[in-house]
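> Predicted structure and sequence below. I'll ask about it afterward.
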Amino acid sequence: MIQTVRGKIKKEELGVCAAHEHLIIDLSKIKKDPDTILDNEEEAAAELKRFFQAGGRSLVELTNDGMGRDVLRLKKLSELTNIHIITCTGFYKEPFIPEFAKGWDRDRFAHHFITEIRNGVNGVFPGVIGEVGTSLNQITPLEKELLLGAGQAALETGLTVSTHTTLGTMGIRQVELLFRLGLPKEQIVIGHQDLNPNKEEVLEVLSSGVYIGFDTIGKNNYRPDEARMEFLLDFIERGYHKQILLSCDLTRKSHWKMNGGIGYDYALSQFIPALKERGVTDDIIEDLLVHNPANAFSIKEPVS
């Protein structure tokens, strides 16, 4: 089963899924940029309808406490658009971790996440722990405690941990920390690996057996899509296509199509056709868009 904002669904019901997105978010306190506020329900619903028209049926919304999470608005958007939305528990990375949690250790983080998973947030239940993150080329002491707390919560609840890596760095270190806890590879998604230009580092993450996010598709200011595609085609050729999740990670008003951006449908309407032109089969496309997210975000048997 998969926990969505409107209740549990069978994993076969998830359909084509954007595995790492944001619909309601506010990063402006840190970013000092009003463009990093998404708070208009009507506009979000219009953008989601374009996603639906392109074939999208579900979306993993990884805006957590400290990033402007609003689960009731997500539930309303799901009801308006008939798109399955998975919301999260978790904290992001420094400096976005809320003030009240800045002195916590892994056990305090784990307890907080488990409480939200079991009791819900305003009556809405999280279906993933994320996006929990690390900094550029380093994991700060607090981020380490956060990541380990997320892993402990995952062990106890069966939910998956979905991470943020800054520009794709520290992915294998995240894997090592979570593996050391005993968290199974099936419960780990290492995010933003399409931003890392070091192929060997990404291959090291893939060889561990965890899922990875190719989840900033269309963000050519960070890395050209052609470079993403070359890596992805190579990873598919190596047989890793059952471990890769796709998304666009929209976080700004300027990312929305109505404002001249790429929109939530970009991966489906632009990137997938380009993959097909390069010879990627329909079966592999279905793994990337449907089967992989369904398997990644299904609730597993708790280990502890």
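Alright, I've got the coordinates. Residues are numbered from 1 along each chain as shown.
> In this structure G151 contacts E176, no?
No - counting by Cβ atoms under 8 Å, G151 sits too far from E176 to count as a contact (11.2 Å). For glycine as for every other residue, the C-beta is placed from the backbone atoms N, C-alpha and C.
> And the pLDDT at S304?
What the model reports for S304 is a pLDDT of 60.
> ok, I190 - contacts?
163, 165, 171, 174-175, 205, 210-213 (Cβ atoms under 8 Å, 6 or more residues apart in numbering).
> Which ones among those residues lie within strands?
163, 165, 211-213 (DSSP state E).
> For V60, which non-adjacent residue is spatially closest?
Excluding the flanking residues, the one nearest V60 by Cβ to Cβ, 6 or more residues apart in numbering is I86, at 4.7 Å.
> What is the neighbour count of that neighbour?
I86 sits with 30 neighbouring residues when counted by other Cβ atoms under 10 Å.
> mind listing what the closest residue to L167 other than its chain neighbours touches?
Computed as Cβ to Cβ, 6+ apart, the closest residue to L167 that is not its neighbour in sequence is L195, at 4.9 Å. Listed by Cβ under 8 Å, 6+ apart, the contact set of L195 reads 165, 167-168, 216, 222-223.
> What does the pLDDT read for L195?
pLDDT at L195 comes out at 98.
> measure it to I37 for me?
To I37, L195 is 23 Å away according to Cβ to Cβ, to the nearest Å.
> what stretches of this protein score poorly on pLDDT?
304 (pLDDT under 70).
> can you give me the helices in it?
28-31, 41-53, 71-81, 106-119, 141-157, 171-181, 199-207, 225-237, 266, 272-277, 282-286, 292-297 (DSSP state H).
> who's in contact with K49?
K49 neighbours (Cβ under 8 Å, 6+ apart): T81.
> now do G213
19-20, 162, 189-194, 244-247.
> sorry, back to before: which one of G151 and E176 is surrounded by more residues?
Legend: neighbour count by other Cβ under 10 Å for G151 and E176, higher for G151 (26 against 11).
> roughly how far apart are N295 and E131?
19 Å.
> Looking at these two, which one has more neighbours?
E131 (29 against 18).
> hmm, back to that, out of the contacts of L195, who has the most neighbours?
So for the contacts of L195 (other Cβ under 10 Å), the most neighbours sit at T165, 27 neighbours.
> quick revisit: make a markdown table out of the contacts of G213 and add distance to D234.
As requested, those are exported to a markdown table (distance: Cβ to Cβ, whole Å):
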| residue | distance to D234 |
| --- | --- |
| A19 | 20 |
| H20 | 21 |
| S162 | 24 |
| V189 | 20 |
| I190 | 18 |
| G191 | 20 |
| H192 | 18 |
| Q193 | 13 |
| D194 | 12 |
| I244 | 11 |
| L245 | 17 |
| L246 | 16 |
| S247 | 20 |
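> wait, which of the residues you listed is closest to W256?
Using Cβ to Cβ, the shortest approach to W256 within these belongs to S247, at 15.1 Å.
> and F179, what does it touch?
185, 208.
> hmm, I was thinking of M1
8-11, 298-299.
> Distance to H255 for the helices of the chain - can I get that in CSV?
Shown next, in CSV, are these (distance: least, Cβ to Cβ, whole Å):
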stretch, distance to H255
helix 28-31, 14
helix 41-53, 9
helix 71-81, 16
helix 106-119, 27
helix 141-157, 25
helix 171-181, 24
helix 199-207, 24
helix 225-237, 15
helix 266, 9
helix 272-277, 18
helix 282-286, 23
helix 292-297, 21
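> To F91, which of the ones you listed lies closest?
Nearest of the helices of the chain (Cβ to Cβ): helix 141-157, 5.8 Å.
> name the helices or strands packed onto the closest one?
The contact analysis (3 or more Cβ pairs under 8 Å, 6 or more residues apart in numbering; DSSP states H and E) places helix 141-157 against helix 106-119, strand 128-134, strand 161-165, helix 171-181.
> How many residues are close by K102?
K102, neighbours per other Cβ under 10 Å, totals 11.
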